[in-house]
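**Q** pasting the sequence and the predicted model now:
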Amino acid sequence: MPSSQLNVLVVDDFQSMRRIIKNLLEQIGFTQIFEAEDGKSALAELSKREFGLIISDWNMAPMTGLELLRNIRGQDKLKSLPFIMITAESKTDNVVAAKEAGVDNYIVKPFNAATLKSKIEAVIG
């Protein structure tokens, strides 16, 4: 499946950040981009359609990106879904926690289209 046809779910509690990520995804050729403002609404989106990639912020309420990741990894249907975590903090503890929870890749803000593209290619080829 060409990457442009892949459904991508962007999860971030800030509308402006979702718009930035969506624009970067469009720059690198993605067209099927869906949004959720937190982990709970992301799970609702995941129940509506199939996704080929999730790009989620770490710091959100009521459900953090890490809790969302753990929830997804705990579901047979979703456990192999590629998941990229975005955070403003590059604390080693966070990276380790995300790795242990099964994250596929990790991006520290700020980032550009080239960084996003390389992280996505590392995850989905």
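**A** Arrived safely.

**Q** the residue nearest to the spatial centre of the chain bridge partners, please.
**A** Taking CA atoms, centre = their mean, the centroid of the chain lies closest to I55, which sits 1.3 Å from it. On the basis of DSSP bridges, I55 is bridged to V10, I84.

**Q** was I right to think it contacts L81?
**A** No. Using CB atoms under 8 Å, I55 is not in contact with L81; the gap is 11.5 Å. C-beta coordinates here come from the backbone N, C-alpha and C atoms, glycine included.

**Q** I33 and L6: what is the separation?
**A** Note on I33: its distance to L6, by CB to CB, to the nearest Å, is 10 Å.

**Q** also E89?
**A** On the measure of CB to CB, E89 and L6 end up 28 Å apart.

**Q** the two: who's more crowded?
**A** L6 (20 against 12; other CB atoms under 10 Å).

**Q** got the confidence number for S4?
**A** Looking at S4, its pLDDT stands at 65.

**Q** got the contact list for the worst-scoring helix or strand of the chain on mean pLDDT?
**A** Comparing helices and strands within the chain by mean pLDDT, DSSP states H and E singles out helix 92-101 as the least confident, with a mean of 90. For helix 92-101, the external contacting residues (CB atoms under 8 Å, 6 or more residues apart in numbering) are W58, L66, L69, R70, R73, M85, T87, Y106.

**Q** of these, which is the most crowded?
**A** In the contacts of helix 92-101, the most neighbours by other CB under 10 Å go to M85, 26 neighbours.

**Q** I'd say that residue and M60 touch.
**A** No. Applying CB under 8 Å, one finds M85 not in contact with M60, separated by 11.3 Å.

**Q** can I get the CA coordinates of stretch 97-111 in PDB?
**A** This file holds the C-alpha atoms of stretch 97-111, laid out as PDB (Å, rounded to 0.1, in the frame of the first residue of the first chain):
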ATOM      1  CA  ALA A  97       9.200   3.900  29.300                       C
ATOM      2  CA  ALA A  98       7.900   4.300  25.800                       C
ATOM      3  CA  LYS A  99      10.300   1.600  24.500                       C
ATOM      4  CA  GLU A 100       9.100  -0.800  27.200                       C
ATOM      5  CA  ALA A 101       5.500   0.000  26.300                       C
ATOM      6  CA  GLY A 102       6.300  -1.000  22.700                       C
ATOM      7  CA  VAL A 103       6.700   2.300  20.900                       C
ATOM      8  CA  ASP A 104       8.100   2.000  17.300                       C
ATOM      9  CA  ASN A 105       9.800   5.400  17.200                       C
ATOM     10  CA  TYR A 106      10.200   8.600  19.100                       C
ATOM     11  CA  ILE A 107      10.500  12.200  18.000                       C
ATOM     12  CA  VAL A 108      11.500  15.200  20.200                       C
ATOM     13  CA  LYS A 109       9.900  18.600  19.400                       C
ATOM     14  CA  PRO A 110      10.700  20.700  17.500                       C
ATOM     15  CA  PHE A 111      11.100  18.600  14.300                       C
END
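
**Q** this completes my enquiry, with thanks.
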